[in-house]
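>>> One predicted model, sequence on top.
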Amino acid sequence: MQYITLNNGLKMPQLGFGVWQVPDEEATPAVEKALEIGYRSIDTAKVYENENGVGKALANSNVAREDLFITTKVWNSDQGYENTLQAFDKSLERLGLDYVDLYLIHWPTPEYDDYVETYKALEKLYKDGRVKAIGVCNFNVEHLQRLIDECDVVPAVNQVECHPYLQQKEVKEFCEKHNIYLEAWSPLMQGGEVLKNDVITSIAGSYSKTPAQVILRWHLQYNNIVIPKSVTPSRMEENFNVFDFELTTDDMKRIEGLDRNERKGPEPSEMNIR
């Protein structure tokens with residue numbers, strides 16, 4: 001496992017296991033298998049409705065709590081200062097934990113203009129020691145800048161859709177300037193069309209690796225945190241086995257050239273579902 005150090009000194013596995021769209025009853029065996037393979041970072045959220053299943057897997061695990069890195073998120077309908085504090089308590093209860101390692105705002109939902117207030121609740125949780133680090137998801141530069149201007153704690157992480165067809169260069173540059181790690185959700189792109197790209201498949205062939213392994217390796221070398229999701233044990237193992245090869249500078253440049261700014265998920269400024 002490879003670790004990065006967040007802006008508050010907390011160490012986080014650079015490769016984690018995501019459970020988006022994994023039903024609650026399937027989350028337990030999936031997370032148990034992920035921990036068996038060697039994953040130590042698990043990424044869930046209130047809206048995924050599988051925190052209970054994740055919590056059961058953690059309770060069944062022999063891995064020490066201090067060796068785990070657990071992330072969850074406050075959903076849009078729970079935003080606001082008091083609402084967020086209450087939502088956090090419920091997430092913690094479902095997970096069966098005393099604290100989480102990383103707590104994130106799921107979307108800025110700027111139409112409602114309550115993400116600053118929500119983030120101040122995250123700051124309280126952080127200062128009270130109930131969360132080891134705080135951050136956001138799907139924040140554009142203007143949303144991040146407002147937090148930096150109006151709040152005390154610079155986000156440790158901004159989790160965004162990111163893959164070779166959507167490399168998020170503007171957001172990435174801003175995050176690097178402010179010592180915020182970019183974390184990639186949907187790192188292999190929803191629908192998987194990037195896996196069939198000729199550049200990716202030719203690089204994969206040269207290393208006797210799969211296209212997915214090449215893309216995950218690109219994320220790691222691009223200094224992203226990455227959280228692929230799969231409930232298929234063989235695919236989970238494949239996604240984890242990306243530490244035994246390294247892409248060349250030329251490989252990285254070829255993949256960099258694939259950027260199309262092609263988004264599969266919502267544009268953050270327009271996502272206002274509660």
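Arrived safely, thanks for sending. Numbering: from 1, shown residues only.
>>> Just the strands from the protein, written as ranges.
With DSSP state E as the criterion, the chain has strands at 3-5, 11-13, 17-18, 41-43, 69-74, 100-105, 131-137, 157-161, 181-185, 225-226.
>>> and those strands as a markdown table, adding mean pLDDT, mean neighbour count and distance to residue 83?
For every residue, glycine as well, the C-beta is placed using N, CA and C. Output for the strands of the chain, formatted as a markdown table (pLDDT from 0 to 100; neighbours: other C-beta atoms under 10 Å; distance: least, C-beta to C-beta, whole Å):
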| stretch | mean pLDDT | mean neighbour count | distance to residue 83 |
| --- | --- | --- | --- |
| strand 3-5 | 98 | 13 | 31 |
| strand 11-13 | 98 | 19 | 27 |
| strand 17-18 | 98 | 26 | 25 |
| strand 41-43 | 98 | 25 | 22 |
| strand 69-74 | 98 | 26 | 8 |
| strand 100-105 | 98 | 26 | 12 |
| strand 131-137 | 98 | 24 | 16 |
| strand 157-161 | 98 | 25 | 21 |
| strand 181-185 | 98 | 24 | 23 |
| strand 225-226 | 98 | 27 | 27 |
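>>> I'd like those as CSV, with distance to residue 49 appended.
Putting those into CSV (distance: least, C-beta to C-beta, whole Å) gives the following:
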stretch, distance to residue 49
strand 3-5, 29
strand 11-13, 24
strand 17-18, 14
strand 41-43, 14
strand 69-74, 12
strand 100-105, 17
strand 131-137, 17
strand 157-161, 18
strand 181-185, 17
strand 225-226, 23
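>>> Out of the ones you listed, the one nearest residue 193 is which?
Residue 193 sits nearest to strand 157-161 of all the strands of the chain, at 14.2 Å, using C-beta to C-beta.
>>> in the stretch 151-274 of the chain, which spans are helices?
169-177, 198-207, 211-221, 233-240, 249-256 (DSSP state H, counting those that start in this stretch).
>>> hey, which of those is tucked in deepest?
helix 211-221 (a mean of 23; mean count of other C-beta atoms under 10 Å).
>>> quick check: angle from it to helix 233-240?
Per axes from the mean of the first three to the mean of the last three C-alpha atoms, to 10 degrees, the angle that helix 211-221 makes with helix 233-240 is 30 degrees.
>>> Kindly confirm whether my reading is correct that residue 157 touches residue 103.
No. Assessed by C-beta atoms under 8 Å, residue 157 is found out of contact with residue 103, at 10.1 Å.
>>> Show me the common contact partners of these two, please.
Counting by C-beta atoms under 8 Å, 6 or more residues apart in numbering, the contacts common to residue 157 and residue 103 are 133, 135.
>>> Need the distance between the two termini of stretch 219-233.
21 Å (C-alpha to C-alpha, to the nearest Å).
>>> Please apply the same query to stretch 128-147.
Across stretch 128-147, first to last residue, C-alpha to C-alpha, it's 20 Å.
>>> Run through the helices of the stretch 1-150 of the chain in chain order.
Going by DSSP H, counting those that start in this stretch, the stretch 1-150 of the chain shows helices at 24-37, 51-60, 81-95, 115-127, 141-150.
>>> looking at those helices, which is closest to residue 202?
Closest to residue 202 of the helices of the stretch 1-150 of the chain is helix 24-37 (C-beta to C-beta; 27.9 Å).
>>> same for that closest one, what does it pack against?
strand 17-18, helix 51-60, helix 233-240 (3 or more C-beta pairs under 8 Å, 6 or more residues apart in numbering; DSSP states H and E).
>>> on that earlier part again, residue 211 is nearest to which of the helices of the stretch 1-150 of the chain?
helix 24-37 (19.9 Å).
>>> Would you check that residue 137 makes contact with residue 182?
No. Assessed by C-beta under 8 Å, residue 137 is found out of contact with residue 182, at 11.0 Å.
>>> what residues are shared contacts of those two?
Both residue 137 and residue 182 are in contact with 158, 159, 160, where contact means C-beta under 8 Å, 6+ apart.
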